[in-house]
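A.B. asks: fold the following and give me the result.
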Amino acid sequence: MASDDLIDEELRRDLPEEGGKPDDRVDDERHDEENRLKPEFVRRVVAALEDGDKSEVYDLVEPLHPADVADLFELVGREDRSALAEAVSDLLSSEVISELNDYVREDMIDALPAYAVAEIAEQLETDDAVQLIEDLDPRDQAAVLAEMEPEDRAAIESALSYPEETAGRLMQREFVAVPEHITVGDLIDFLRDEASDPDALPTDFFEIFVVDPAHRPVGTCQLSWILRTPRHIGLTDVMKRDQTLIPVTADQEEVALMFQKYGLISAAVVDEAGRLVGQMTVDDVVHIISEEAGEDALLLSGAGDGDINEPILLTVRARLTWLVINLGTAMLAASVVGMFQDAIAKFALLAVLMPIVSGMGGNAGTQTLAVTVRALATNQLTSTNTWRAIGRELTIASANGVALAILIGGGTALVFGNPLLGAVIGTAMIINNLTAGMAGIAVPVTLERLRVDPAVSSAVFVTTATDVMGFFSFLGLAVLTGLA
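C.D. replies: Purely as a prediction, here's the structure:
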């Protein structure tokens with residue numbers, strides 16, 4: 001057989017059959033077709049935990065990828081996580097920790113002694129280690145920090161000194177910075193010399209920061225530029241002097257917008273004196289964007305964190321707070337209806353139709369509110385174009401209101417044989433749509449100007465406005481026109 005034929009035969013032997021999976025996935029007792037852990041496998045792990053057979057648990061979990069180990073912690077019950085953490089403590093690598101859900105991570109960390117948590121934290125990048133430690137109780141936090149190496153402890157304590165969700169708290173303190181007077185060859189030699197020490201350089205980095213004698217960044221060099229430049233060329237001749245510098249006090253949303261606007265892969269973080277103290281990388285920002293998008297959507301609904309691993313008591317508290325507030329606003333809307341109870345008693349059909357006006361206004365207000373909150377979060381809506389945006393939303397509200405008025409007004413007149421009733425509900429629909437459009441943009445913009453998160457409480461005010469105006473306009477017009 002020719003050598004090419006031998007190679008082809010070996011390749012065919014390694015490839016899966018048509019429509020199948022690679023050999024290491026065929027008849028996988030742990031994963032289903034969508035690469036999720038099978039319920040049967042999870043039940044086997046739980047059964048071993050209940051039997052107290054830690055060796056069996058370890059044997060089952062040890063072959064899993066770190067991401068699958070993290071999934072396993074989320075799939076088992078909360079009461080089993082402590083036992084699972086004890087049984088597989090040797091497998092709790094930095095990769096596993098970084099993949100864990102926040103609430104699940106807390107459950108797991110609570111089950112481990114301080115020295116074990118310290119060992120895990122020392123394996124992580126500084127930003128991930130901070131995320132691991134920041135939510136611990138002060139006593140546990142102090143115990144873990146006491147077990148850490150002085151250098152690692154100092155870095156984490158420095159990060160914890162900054163407010164939550166700021167660049168200072170989230171940044172990576174591992175980066176590569178070199179003086180501006182060296183050549184490309186000097187830089188390459190430096191990187192090769194330092195590569196022998198696993199702690200000397202970050203695990204991953206995309207660019208080199210060039211600093212002046214005061215350690216202030218003066219430029220950046222991408223690795224691709226360095227590899228393609230002759231050794232004798234000075235860094236100042238190839239570095240990019242224009243750069244986006246992130247203050248340590250910058251909020252994470254502001255950081256995410258910088259990365260999105262300028263297409264950054266990494267960026268320097270500087271302190272109040274302009275000195276380089278860390279870097280933000282795109283993988284951190286992707287997490288921030290995902291977190292902020294989900295957070296805003298949940299805040300608009302008053303659903304709390306919306307995490308299925310969140311303790312039930314915390315979820316009930318978060319949701320009930322806004323439900324009680326909504327109950328108060330609903331009573332306000334009901335009081336408006338009470339003002340017209342005599343008219344409703346004379347013409348009961350009003351009670352049938354008035355929810356349509358308020359309900360459609362609420363839907364229109366929610367649409368405008370969602371667009372406005374997103375525009376504020378992405379800096380599309382600023383003080384420069386606020387009035388233009390208000391005019392745009394009022395135009396849209398007018399067009400939608402007229403269209404809905406024609407549909408509901410004409411339908412009401414035909415179904416009930418009462419053109420005046422059709423005109424009243426059509427006019428009320430236009431009024432309430434205009435109210436919805438105005439409230440949907442004015443409320444979040446006002447809250448943002450007052451430095452209140454518009455995603456938290458805007459929905460309550462907008463819904464109240466559309467309910468009150470919907471009932472008042474419809475019932476008030478019915479009384480004014482002599483309909484009731």
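A.B. asks: just checking, residue 230 is part of a helix?
C.D. replies: No - according to DSSP: H, G, I helix; E, B strand; the rest coil, residue 230 belongs to no helix; its state is coil.
A.B. asks: may I see the buried residues of the helix or strand that contains residue 355?
C.D. replies: Using DSSP states H and E, residue 355 sits within helix 349-377. Buried residues in helix 349-377, defined by neighbour count with 16 or more other CB atoms under 10 Å: 350, 353-354, 356-358, 360-362, 364-377. Quick note: C-beta positions are derived from backbone N, CA and C, even for glycine.
A.B. asks: check which helices and strands whichever helix or strand comes after it sits against.
C.D. replies: Sequence-wise, the next helix or strand downstream of helix 349-377 (DSSP H and E) is helix 386-416. Applying 3 or more CB pairs under 8 Å, 6 or more residues apart in numbering; DSSP states H and E, one finds that helix 386-416 contacts helix 349-377, helix 419-449.
A.B. asks: returning to that earlier point: the helix holding residue 355 - what's its average pLDDT?
C.D. replies: For helix 349-377, mean pLDDT is 88.
A.B. asks: give me the helices and strands touching that helix, please.
C.D. replies: helix 282-301, helix 341-346, helix 386-416, helix 419-449, helix 454-480.
A.B. asks: starting at the chain centroid, how far to that helix?
C.D. replies: Averaging C-alpha coordinates over helix 349-377 and over its chain gives two centres that are 26 Å apart (CA atoms, centre = their mean, to the nearest Å).
A.B. asks: tilt between that helix and helix 454-480?
C.D. replies: Here helix 349-377 points in a direction 150 degrees away from that of helix 454-480 (axes from the mean of the first three to the mean of the last three CA atoms, to 10 degrees).
A.B. asks: where are the low-confidence patches of the stretch 251-400 of the chain?
C.D. replies: Residue ranges of the stretch 251-400 of the chain with pLDDT under 70: 290-310, 318.
A.B. asks: give me that answer again for 50
C.D. replies: Filtered on pLDDT under 50, the stretch 251-400 of the chain yields no residues whatsoever.
A.B. asks: can I assume residue 56 sits in a helix?
C.D. replies: Yes - per three-state DSSP, residue 56 lies within a helix segment.
A.B. asks: I figured it hits residue 48, correct?
C.D. replies: Yes - using CB atoms under 8 Å, residue 56 makes contact with residue 48 at a distance of 4.1 Å.
A.B. asks: out of those two, which sits in the more crowded spot?
C.D. replies: Neighbours per residue, other CB atoms under 10 Å: of residue 56 and residue 48, the larger number sits with residue 48, 21 against 16.
A.B. asks: I'd guessed that one sits against residue 60; true?
C.D. replies: Yes - Residue 48 is in contact with residue 60 according to CB under 8 Å; the separation is 6.6 Å.
A.B. asks: what about the closest residue to residue 367 other than its chain neighbours, how many neighbours?
C.D. replies: Distances taken as CB to CB, 6 or more residues apart in numbering put residue 440 closest to residue 367, at 7.1 Å, once the chain neighbours are dropped. Per other CB under 10 Å, the neighbour tally for residue 440 reads 28.
A.B. asks: domain assignment for the chain?
C.D. replies: Recorded structural domains for the chain (assignment: automatic domain parsing) are 25-164, 177-301, 312-480.
A.B. asks: can you redo those as CSV with distance to residue 170?
C.D. replies: Conversion of those to CSV gives the following (distance: least, CB to CB, whole Å):
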stretch, distance to residue 170
domain 25-164, 6
domain 177-301, 6
domain 312-480, 18
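A.B. asks: need the helices and strands packed on helix 349-377 in a markdown table (columns: distance to residue 241).
C.D. replies: As requested, the helices and strands packed on helix 349-377 are arranged in a markdown table below (distance: least, CB to CB, whole Å):
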| stretch | distance to residue 241 |
| --- | --- |
| helix 282-301 | 21 |
| helix 341-346 | 72 |
| helix 386-416 | 35 |
| helix 419-449 | 35 |
| helix 454-480 | 38 |
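A.B. asks: what strand or helix carries residue 156?
C.D. replies: Using DSSP H and E, residue 156 sits in helix 150-160.
A.B. asks: just checking, what packs against that helix?
C.D. replies: Here helix 150-160 touches helix 114-123, helix 126-133, helix 138-146, helix 167-170, going by 3+ CB pairs under 8 Å, 6+ apart.
A.B. asks: can you redo the ones you listed as CSV with mean neighbour count?
C.D. replies: Below are the helices and strands packed on helix 150-160 laid out as CSV (neighbours: other CB atoms under 10 Å):
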stretch, mean neighbour count
helix 114-123, 19
helix 126-133, 22
helix 138-146, 15
helix 167-170, 22
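A.B. asks: can you tell which of these is closest to residue 83?
C.D. replies: Closest approach to residue 83 among these (CB to CB): helix 114-123, 14.6 Å.
A.B. asks: the closest one vs helix 138-146, what angle?
C.D. replies: With the same axes, to 10 degrees defining the directions, helix 114-123 sits at 60 degrees from helix 138-146.
A.B. asks: now helix 114-123, how far from the chain's geometric center?
C.D. replies: 27 Å.
A.B. asks: pull the CA atoms of that helix into CSV?
C.D. replies: The C-alpha coordinates for helix 114-123 follow below in CSV (Å, rounded to 0.1, in the frame of the first residue of the first chain):
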residue,chain,number,x,y,z
ALA,A,114,-9.5,29.5,54.1
TYR,A,115,-6.2,28.0,53.0
ALA,A,116,-8.0,26.2,50.1
VAL,A,117,-9.7,29.4,49.0
ALA,A,118,-6.4,31.2,49.1
GLU,A,119,-4.7,28.5,47.0
ILE,A,120,-7.5,28.9,44.4
ALA,A,121,-7.2,32.7,44.4
GLU,A,122,-3.5,32.6,43.9
GLN,A,123,-4.0,30.6,40.7
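A.B. asks: where along the stretch 201-350 of the chain do the strands fall?
C.D. replies: 207-211, 217-222, 245-247, 266-270, 276-281 (DSSP state E, counting those that start in this stretch).
A.B. asks: shaky segments in the stretch 51-200 of the chain?
C.D. replies: Looking at the stretch 51-200 of the chain by pLDDT under 50, you get an empty list.
A.B. asks: residue 140 and residue 114 touch, don't they?
C.D. replies: Yes - using CB under 8 Å, residue 140 is in contact with residue 114, at 7.0 Å.
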